[in-house]
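Take a look and give me a structure for this.
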Amino acid sequence: MFGTLLWIFASVWILLQVALMVLRVAVSGRAPIMFDVVSAAVGVVVFPTVVASVVMLSWRRRPAWVRVSAAGVELAATRRQPVLLPWSAVRAVRLRYRGPFTELLVTPSGLDADAVAPIWAWAPRLHRRSGAPAFVVDVGMLTPGPSVLLAELDRRLAARA
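All right, here's what the predicted structure looks like:
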C-alpha cells in the first residue's frame, strides 16, 4: 500500500511541478534555472514519502484484513467495521482488478445473514451490481496474496456444497 501511494503522490508532484514551470515561463517569459529543476527533483523524493507516510500512519490502526476459519469468513476493509459471514451465508466470492488494486468481493445470501461487530468505525464497504450487494475488501497488498486467498475461499465453499 505504501509503494502504491508513493507512486501516486510522486506522479501528482511531477505533474504539478511541470504545470508550475510552464506557467512561470508563460507569465514571466524566463526559462527554468537549475535551482527550479533541482528543487523539483528533491520534491519528487520528499513530498511523496512524507504524504504516503502520514496516510499510512493514519490508517495503521484499522488496516484491511481477511480471516478464513471453519466458522466462516471474517473481513474488514481499511477503517471499516468487520463483518463475520458464516459459510452458510456466503453465496459467492470473486476478485476484481489486478495487482495492488485487487479487491475481494464476497456476496452474502442476504444482508440479514451477516454479523457486524459492535465497534465504532464506518459501515462495511458494499458494492451493488445488478441488485446483489457484495462486501468489498482491498486484498492486493495482503500476504500470502489474492490468488491464494481466493483458492482457500473456493475450497471452503466447495467443501460446504
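
residue nearest the centroid of this protein?
Among the residues of the chain, the one closest to the centroid is Asp138, at 4.4 Å (CA atoms, centre = their mean).

how close does the closest residue to it other than its chain neighbours get to Gly140?
Closest residue to Asp138 in three dimensions, ignoring its sequence neighbours and counting by CB to CB, 6 or more residues apart in numbering: Ala64, at 5.0 Å. (C-beta placed from N, C-alpha, C; glycine too.) Taking CB to CB, to the nearest Å as the measure, Ala64 and Gly140 are separated by 9 Å.

which one of those two has more residues nearby?
Looking at Ala64 and Gly140 with other CB atoms under 10 Å, you find the greater number of neighbours at Ala64, namely 22 against 18.

how about the helices in the protein?
Shown for the chain, the helices assigned by DSSP state H span residues 2-28, 34-59, 146-160.

And the shortest one, how far out from the chain middle?
Just to be clear, that refers to helix 146-160. Averaging C-alpha coordinates over helix 146-160 and over its chain gives two centres that are 21 Å apart (CA atoms, centre = their mean, to the nearest Å).

same for it, what does it pack against?
Applying 3 or more CB pairs under 8 Å, 6 or more residues apart in numbering; DSSP states H and E, one finds that helix 146-160 contacts strand 65-68, strand 90-96, strand 103-108.

if we go to 7 Å?
strand 65-68, strand 90-96 (3 or more CB pairs under 7 Å, 6 or more residues apart in numbering; DSSP states H and E).

repeat for the longest one
For helix 2-28, the contact count by 3+ CB pairs under 7 Å, 6+ apart identifies helix 34-59 as packing neighbours.

So Phe35 versus Met21, what's the distance?
When distances are taken as CB to CB, Phe35 and Met21 turn out to be 12 Å apart.

do the same with Val139
Looking at Val139 against Met21, where the rule is CB to CB, the gap reads 39 Å.

can you check Thr107 too?
In this view, Thr107 and Met21 are 49 Å apart by CB to CB.
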